[in-house]
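Peer 1: Any chance you can model this:
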Amino acid sequence: MSAPQETAPRGTALRVGTRASVLATTQSRLVADLIAERLGREVELVEIATEGDRSQAAGTSLVGSSSTGVFVSALRDALLDGRVDVAVHSLKDLPTYAADGITLAAVPTREDPRDVVVARDGLTLGELPVGSRVGTGSPRRAAQLHALGLGVEVVGVRGNVDTRIAKVRSGEYDAVVLARAGLARLDRVDEATEVLDPLQMLPAPGQGALAVECRTDDDLAAQLREVLDDPRTRAAVEAERAVLATLEGGCSAPIGALAEVAEGEDGEELWVRAIALSPDGALSVRMSATGDPADAAGVGDRLAKEMLADGAADLTQTSNIDKVQNA
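Peer 2: Residues are numbered from 1 along each chain as shown. You can find the predicted model right below:
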């Protein structure tokens, strides 16, 4: 591993590493603009090809991939060897284990984390006829679609937002399920025909949030946390990722989690909901917990342990599908 490099001196551009997709560059540009505005620095985007991007471009399945961080590792390598000063990820893509030499400098304010349906003829999920083809590349979404018992056929789908929606427009699929946050950042949220209530479908841990990473030994990390970090968003995603880590699902298991920080009688309170499902959605364990936002990871960990004790261990053991939960 190369020795960490110094951040570019003031007066030169900070290099923000990003995946090359339209959604990734849009998200990274949002972060870059915030850095420029709040730190008064010139910022440039540096596109880095990742294993996940190469697989998608080649039409190759990610099933059986050796890494849950197929969209992350190349950006982290670029950060460590000094090609970039900052890396921006969709937070739900981050592995739950720490990376040596890298720190999560900031978690900006989160977009709406819910999933949405883009269906033909403006239909909602419940209005789709029995046998309709609903596309998703996520085991979590597939399991929850099965659990709803609507009689739809859940089929795999790959590619970017354009590719997935095009399958609906062409009639190949009757609907696809996507993250609302991605559509919002692309200014395409009006194409969603339904926003799914978390009671129907809990999102992926960290969905809708962005992760801004820096080298651990770089003083830029502290600066970015001060100007970009949203404490409520960070607490929420820390709780969700603790649920995921404790359930040992990684990014590949049918596990959903959503946490929120709200005002309670005695100050701010963290509320966490989570679900673990068998891949076919026939079995599930759903629980919630509340606690202190300052102990977000602890709240998530305790919730997950309660779920394991209630049978989630068996579900996650049968759900080890090595597939990334794509947007």
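
Peer 1: which ones are touching Val237?
Peer 2: Going by CB atoms under 8 Å, 6 or more residues apart in numbering, Val237 touches 91, 107, 110, 205-206, 209, 259. C-beta here means a position set from N, CA and C on the backbone, and glycine is covered the same way.

Peer 1: helix or strand right after the helix or strand harbouring it?
Peer 2: Per DSSP states H and E: Val237 is located in helix 231-246. Using DSSP H and E, the helix or strand that follows helix 231-246 in sequence is strand 255-264.

Peer 1: Please identify the buried residues of that next one?
Peer 2: Within strand 255-264, the residues scored as buried using 16 or more other CB atoms under 10 Å are 255-261.

Peer 1: swap in stretch 149-162?
Peer 2: Within stretch 149-162, the residues that count as buried by 16+ other CB under 10 Å are 150, 152, 154-155, 157, 159-161.

Peer 1: Next, check these against the helices and list the overlap.
Peer 2: Among the buried residues of stretch 149-162, DSSP state H puts Val161 in helices.

Peer 1: Format the buried residues of stretch 149-162 as JSON lines; extra columns: distance to Thr246 and pLDDT.
Peer 2: Shown next, in JSON lines, are the buried residues of stretch 149-162 (distance: CB to CB, whole Å; pLDDT from 0 to 100):
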{"residue": "Leu150", "distance to Thr246": "31", "pLDDT": "96"}
{"residue": "Val152", "distance to Thr246": "32", "pLDDT": "97"}
{"residue": "Val154", "distance to Thr246": "27", "pLDDT": "97"}
{"residue": "Val155", "distance to Thr246": "31", "pLDDT": "97"}
{"residue": "Val157", "distance to Thr246": "30", "pLDDT": "94"}
{"residue": "Gly159", "distance to Thr246": "32", "pLDDT": "90"}
{"residue": "Asn160", "distance to Thr246": "32", "pLDDT": "91"}
{"residue": "Val161", "distance to Thr246": "31", "pLDDT": "94"}
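
Peer 1: and which of the buried residues of stretch 149-162 is nearest Ala175?
Peer 2: Val152 (7.9 Å; CB to CB).

Peer 1: Now Gly208. Its backbone dihedrals?
Peer 2: phi 90, psi -10 (degrees, to the nearest 10).

Peer 1: That one - nearest residue in space that isn't next to it in sequence?
Peer 2: Spatial nearest neighbour of Gly208, chain neighbours left out: Pro113 (3.5 Å); criterion: CB to CB, 6 or more residues apart in numbering.

Peer 1: so where is the stretch 201-327 of the chain shaky, pLDDT-wise?
Peer 2: Counting by pLDDT under 70, the stretch 201-327 of the chain has low-confidence residues at 249-253, 316-327.

Peer 1: ok so, going back, I'd like the buried residues of strand 255-264 written out as CSV, with distance to Leu247 added.
Peer 2: Below are those laid out as CSV (distance: CB to CB, whole Å):
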residue, distance to Leu247
Ile255, 6
Gly256, 11
Ala257, 9
Leu258, 14
Ala259, 14
Glu260, 19
Val261, 22
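
Peer 1: I'd like to know which of those residues is nearest to Gly135.
Peer 2: Nearest member of these to Gly135, counting by CB to CB, is Gly256, at 18.3 Å.

Peer 1: element containing Arg273, please.
Peer 2: strand 267-277.

Peer 1: what's the following helix or strand after that strand?
Peer 2: For strand 267-277, the following helix or strand on the C-terminal side (DSSP H and E) is strand 284-291.

Peer 1: Who are the packing partners of the helix or strand just after that next one?
Peer 2: Using DSSP H and E, the helix or strand that directly follows strand 284-291 along the chain is helix 296-307. Using 3 or more CB pairs under 8 Å, 6 or more residues apart in numbering; DSSP states H and E, the elements in contact with helix 296-307 are helix 231-246, strand 255-264, strand 267-277, strand 284-291.

Peer 1: Pipe those into a markdown table and attach distance to Leu75 per row.
Peer 2: Shown next, in a markdown table, are the helices and strands packed on helix 296-307 (distance: least, CB to CB, whole Å):
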| stretch | distance to Leu75 |
| --- | --- |
| helix 231-246 | 18 |
| strand 255-264 | 24 |
| strand 267-277 | 28 |
| strand 284-291 | 32 |
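
Peer 1: Can you tell me how far the residue nearest to Thr25 when sequence neighbours are not counted is from Leu45?
Peer 2: What sits nearest to Thr25 in space, not counting adjacent residues and going by CB to CB, 6+ apart, is Thr18, at 5.4 Å. Per CB to CB, to the nearest Å, Thr18 is found 5 Å from Leu45.

Peer 1: The two - which one has more neighbours?
Peer 2: Legend: neighbour count by other CB atoms under 10 Å for Thr18 and Leu45, higher for Thr18 (24 against 19).

Peer 1: who touches that one in this structure?
Peer 2: Taking CB under 8 Å, 6+ apart, one finds 24-25, 27-28, 45-48, 75, 87-88 in contact with Thr18.
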